[in-house]
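> model this:
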Amino acid sequence: MDNEKDEKFLNDIGSNDDESAVEAENSSSNDESTEENKAENFEETPEEASSTETEETPEEASSTETEEKAEDTSAAEADVDKTEITETEDKENTSEKKSFVGRWIEKEKEKEKNKREREKLSEERMKRVREERRAAMYADGKEPNALQKFLMSEGKFINYENKAMVTFAAVIILGILVFIAVFRGGYFSKEKFGLGGDKSRAIVYSVGNELYCYDLKKEPVLISDTLSAGGSVSYSYVGNGITVANDGTSVYFTDEVGADGTFRLNYYEASSSKEPEVIGTSVSDYEVSNMGDGAVYIVANETGNSGTLYGYDKKNNKSSEIANDIAVNSREYAISSDGKKVIYIKEENSSTTLYVANIDGTGETKIDGDIAQYLVQTEGNSVYYIKAVGTDNGTSMYSVYEYDLSNGNSKLIDEDVIAVTLSQNENAVIYYKNSGKKVKASSVLNDDGDDSEKTEALRKELENYEFNDITCALYRYENGKSELVNDEIFTAMPTDADGKYIAYTVPSGLGKIKVNLSEISSPDDLVASYYEQAAAADVDTYIYKTNGFNDYVVFDGSYIYSYQNSGNNAQVACLKDYDKTNQKGQLVLSTYDENGIKSYAELEDDVESFEFMGDGSRIVYLRGVDDNGFGTLTYIESNVPDEVSTSAYYYEVTKDFNRSLFYLDNYDSSTYGGTFHYYQQGKDTVVDDGVYMFAYRNNNNALYMKNYDSLTATGDLYYLNGKTSKLVAEGVSSVFDFYDTGR
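Residues are numbered from 1 along each chain as shown. Below is the predicted model of the structure:
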């Protein structure tokens with residue numbers, strides 16, 4: 001059971017709001033920026049501006065067509081004819097000189113011309129049909145009804161002889177659709193509750209020793225009344241131990257937690273009247289597949305240090321034994337994204353061995369031995385692992401492999417590897433390996449030693465001694481191909497979810513490092529002293545883009561682990577002159593072009609945190625946080641900073657197209673409550689007062705708790721539905737949200 005879930009709920013992609021047209025108008029004003037002020041201005045990209053335009057639906061477009069469109073057709077045809085004549089003349093004059101690319105371009109132009117001709121003919125036919133049917137509809141002097149007008153705009157025709165039959169058929173069809181919707185909604189069934197597949201409206205929460213599910217439509221449904229059986233189930237606001245499937249229709253949950261920490265693992269599925277299914281008892285730990293199709297869990301033996309690993313298949317509602325003597329609470333097991341495979345570690349003959357088996361316990365297969373590290377894709381079919389390989393001199397080096405769960409094949413990615421990690425979206429592997437560069441002891445040593453026998457022996461030992469350079473090579477691997485980022489990096493950090501952009505540092509001045517002979521007693525001392533000085537060396541920072549650029553960054557003193565790309569990868573931000581003690585620095589923004597870093601600007605200092613908003617370059621940051629946790633919250637859009645609050649306590653930005661900022665300010669630590677706001681496009685709206693904590697859901701919806709009682713660790717849970725709040729329940733201790741359940 002993962003006890004380190006973030007208090008911050010996952011944000012989901014949602015639709016734009018009614019104010020997006022205003023936002024698009026604001027973004028268009030950026031085009032007036034001159035070349036001289038690019039270094040300080042950060043413009044929205046054309047893609048971002050276009051994403052906020054309010055588009056007309058097909059129904060709206062068809063229902064509002066008028067005769068004016070038909071009258072403009074002849075002018076459009078004349079323009080098309082001129083374009084076609086020009087293109088034909090150009091092709092005749094240059095056809096003999098065209099290269100392969102030129103001929104290809106001509107073919108594409110020809111295709112486009114033919115397409116326009118077809119569209120023109122289609123429009124002419126539609127125009128003619130509409131005129132004929134419009135005349136027929138009004139021939140008897142009667143006004144067509146709404147259905148006839150709509151169908152007429154679509155080029156269809158209903159005369160008064162068949163109007164009644166068509167209307168009757170439409171009503172029948174509509175009735176069937178309504179019946180299906182009502183039936184599926186559970187109004188005519190015995191459904192206990194319906195999460196409805198809408199993650200933003202499905203709520204799982206606990207009150208005392210009880211666990212409830214609620215879809216904001218009918219009454220909350222009790223699915224367990226024994227969360228604790230003598231053990232601690234203090235979940236606080238965002239609880240662990242409950243895993244709601246990503247599709248919003250089912251939930252894995254733990255209850256009957258005993259004094260020894262073991263629990264009962266259950267599965268409950270909405271849209272049925274069944275009681276929760278008990279998966280296993282005396283469970284110590286578990287993990288659920290990405291979409292909740294299966295789970296693995298471990299039941300400890302009498303010692304409590306190891307136990308039996310089981311697999312649960314949701315489709316067949318069956319648990320099967322996978323393996324014995326698996327270490328408890330070591331998380332040396334995982335489940336594939338589709339819930340069909342279990343990957344686990346076993347200790348055999350002093351070797352750490354990696355295995356895979358089917359969820360029903362059959363087909364156990366040894367992947368490899370001497371495993372140092374392994375990573376399982378949450379939403380893919382690959383397992384990446386590092387294997388220790390012995391060398392001729394008796395030492396070990398490490399090689400990284402990819403194992404394909406679908407075909408059972410292993411493939412060597414690279415050798416002499418130090419560490420491996422996955423990008424956030426798990427599409428790419430980022431790994432470090434030894435660069436092969438060596439440092440000679442003689443180039444580092446400052447011989448200030450005496451002539452004693454011991455010193456002479458050490459001096460002789462170091463004469464031809466050399467050791468690995470502190471820098472290493474960084475590679476990125478995706479789809480069977482490795483690409484070198486840099487072969488002398490110090491630290492590195494992917495700045496986007498796909499790992500296509502990587503910030504890395506290269507130390508400078510290493511050649512000036514010296515180690516006094518009088519201060520060491522062995523070669524190991526020399527190496528340790530050298531590495532200590534090298535670790536404190538100045539560094540230069542670079543930004544790398546896959547198959548793109550490798551550009552030097554002029555952010556002197558930047559904190560490598562603070563780098564973050566905007567959603568559209570048009571900008572990068574980081575903190576420079578970072579104070580690790582106070583965890584604050586100066587916020588720096590920069591824009592990209594095809595060649596790398598185009599411009600940058602240094603914003604305010606004393607910044608504690610920042611977040612890009614939506615899919616564009618809007619950014620929110622919190623600075624000047626005092627000892628009480630209050631700071632100034634600032635929002636930047638269209639190059640204009642807006643000071644949202646000077647007493648902000650906590651904030652979240654939406655990653656969907658609503659581009660909203662939710663925050664608490666004026667927080668009173670004695671009453672555990674503050675004012676809950678959301679800010680959108682220059683407008684600040686107060687949601688509620690006395691709010692303890694909130695979590696954004698989707699489409700400007702959020703859950704929040706108010707009237708918090710620190711003695712009972714409970715509060716009243718509310719749901720914000722756009723602009724109105726609804727009380728969900730009182731005395732709530734925990735809220736369980738949707739997780740990417742394999743992570």
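
> which stretches of the stretch 301-450 of the chain have low pLDDT?
393-395 (pLDDT under 70).

> ranges for the strands of the stretch 601-743 of the chain?
607-612, 619-623, 631-637, 640-653, 661-668, 673-680, 683-696, 701-709, 714-721, 724-732, 734-736 (DSSP state E, counting those that start in this stretch).

> no no, the stretch 201-350 of the chain
Along the stretch 201-350 of the chain, counting by DSSP E, counting those that start in this stretch, strands occupy 203-207, 210-214, 221-224, 242-244, 250-255, 263-269, 277-288, 294-300, 306-313, 318-327, 333-335, 341-348.

> Could you list the paired strands of the last one along with their orientation?
Going back to what we said before, that points to strand 341-348. strand 333-335 (antiparallel), strand 351-358 (antiparallel) (DSSP bridges).

> any idea which of those strands is most buried?
Comparing those by mean neighbour count (mean count of other C-beta atoms under 10 Å), strand 333-335 ranks first with a mean of 24. Glycine gets a C-beta too; all of them are placed from N, C-alpha and C.

> re the thing from before, same list, the strands of the stretch 201-350 of the chain, but as JSON lines with distance to Y477 please.
Output for the strands of the stretch 201-350 of the chain, formatted as JSON lines (distance: least, C-beta to C-beta, whole Å):
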{"stretch": "strand 203-207", "distance to Y477": "38"}
{"stretch": "strand 210-214", "distance to Y477": "42"}
{"stretch": "strand 221-224", "distance to Y477": "44"}
{"stretch": "strand 242-244", "distance to Y477": "30"}
{"stretch": "strand 250-255", "distance to Y477": "33"}
{"stretch": "strand 263-269", "distance to Y477": "36"}
{"stretch": "strand 277-288", "distance to Y477": "25"}
{"stretch": "strand 294-300", "distance to Y477": "27"}
{"stretch": "strand 306-313", "distance to Y477": "30"}
{"stretch": "strand 318-327", "distance to Y477": "29"}
{"stretch": "strand 333-335", "distance to Y477": "20"}
{"stretch": "strand 341-348", "distance to Y477": "19"}
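
> before we move on, back to that, how about the strands of the stretch 601-743 of the chain, which one is nearest E219?
Closest to E219 of the strands of the stretch 601-743 of the chain, according to C-beta to C-beta: strand 724-732, at 10.8 Å.

> In the closest one, which residues are buried?
S725, V728, A729, V732 (16 or more other C-beta atoms under 10 Å).

> for the strands paired with strand 341-348, which one sits closest to P276?
strand 333-335 (20.4 Å).

> contacts for the closest one?
Contact partners of strand 333-335, identified using C-beta atoms under 8 Å, 6 or more residues apart in numbering, comprise 287-289, 294-296, 298, 309, 311, 326, 341-345, 359, 376, 742.

> distance between that strand and the chain's centre?
21 Å (C-alpha atoms, centre = their mean, to the nearest Å).

> I'd say M693 and Y650 touch.
Yes: under the criterion of C-beta atoms under 8 Å, M693 makes contact with Y650 at 7.5 Å.

> could you dump the strands of the stretch 601-743 of the chain to CSV with distance to I386?
Formatted as CSV, the strands of the stretch 601-743 of the chain follow (distance: least, C-beta to C-beta, whole Å):
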stretch, distance to I386
strand 607-612, 33
strand 619-623, 37
strand 631-637, 42
strand 640-653, 36
strand 661-668, 41
strand 673-680, 45
strand 683-696, 37
strand 701-709, 41
strand 714-721, 45
strand 724-732, 44
strand 734-736, 35
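
> Ok, which of these comes nearest T541?
strand 607-612 (17.4 Å).

> Output the contacting helices and strands for that closest one.
Contacts defined by 3 or more C-beta pairs under 8 Å, 6 or more residues apart in numbering; DSSP states H and E place strand 607-612 against strand 564-565, strand 571-579, strand 584-593, strand 619-623, strand 640-653.

> and of those strands, who's closest to Y214?
strand 640-653 (22.1 Å).

> number of nearby residues for E321?
Neighbouring residues of E321 were enumerated by other C-beta atoms under 10 Å; the total is 12.

> List the contacts of it.
E321 makes contacts with T308, L309, Y310, G361, as judged by C-beta under 8 Å, 6+ apart.

> Just the helices from the chain, written as ranges.
Secondary structure of the chain (DSSP state H): helices at 20-28, 46-51, 58-63, 67-71, 73-94, 100-137, 146-153, 163-184, 441-444, 453-462, 523-535.

> if you average pLDDT over the fourth one, what comes out?
If you average the pLDDT over helix 67-71, you get 43.

> joint contacts of M693 and Y650?
By C-beta under 8 Å, 6+ apart, M693 and Y650 have these common neighbours: L664.

> Include distance to Y552 and mean pLDDT when you put the strands of the stretch 601-743 of the chain into a markdown table, please.
Below are these laid out as a markdown table (distance: least, C-beta to C-beta, whole Å; pLDDT from 0 to 100):
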| stretch | distance to Y552 | mean pLDDT |
| --- | --- | --- |
| strand 607-612 | 23 | 95 |
| strand 619-623 | 23 | 95 |
| strand 631-637 | 25 | 93 |
| strand 640-653 | 28 | 93 |
| strand 661-668 | 33 | 96 |
| strand 673-680 | 36 | 95 |
| strand 683-696 | 37 | 94 |
| strand 701-709 | 42 | 93 |
| strand 714-721 | 46 | 93 |
| strand 724-732 | 50 | 94 |
| strand 734-736 | 46 | 81 |
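
> Among those strands, which comes closest to Y268?
strand 734-736 (12.2 Å).

> just checking, what packs against the closest one?
Contacting strand 734-736 under the criterion 3+ C-beta pairs under 8 Å, 6+ apart are the following elements: strand 203-207, strand 242-244.

> which one of those has the lowest average pLDDT?
Minimum mean pLDDT among the helices and strands packed on strand 734-736: strand 242-244, a mean of 67.

> quick one: contacts for the closest residue to K366 other than its chain neighbours?
Counting by C-beta to C-beta, 6 or more residues apart in numbering, Y355 is the residue found nearest to K366 once chain neighbours are left out, at 5.7 Å. Shown in contact with Y355 (C-beta under 8 Å, 6+ apart): A323, I343, Y344, I345, K346, E364, T365, K366, I367.

> burial measure for the third one, as a count.
Residues within reach of Y344, counting by other C-beta under 10 Å, total 23.
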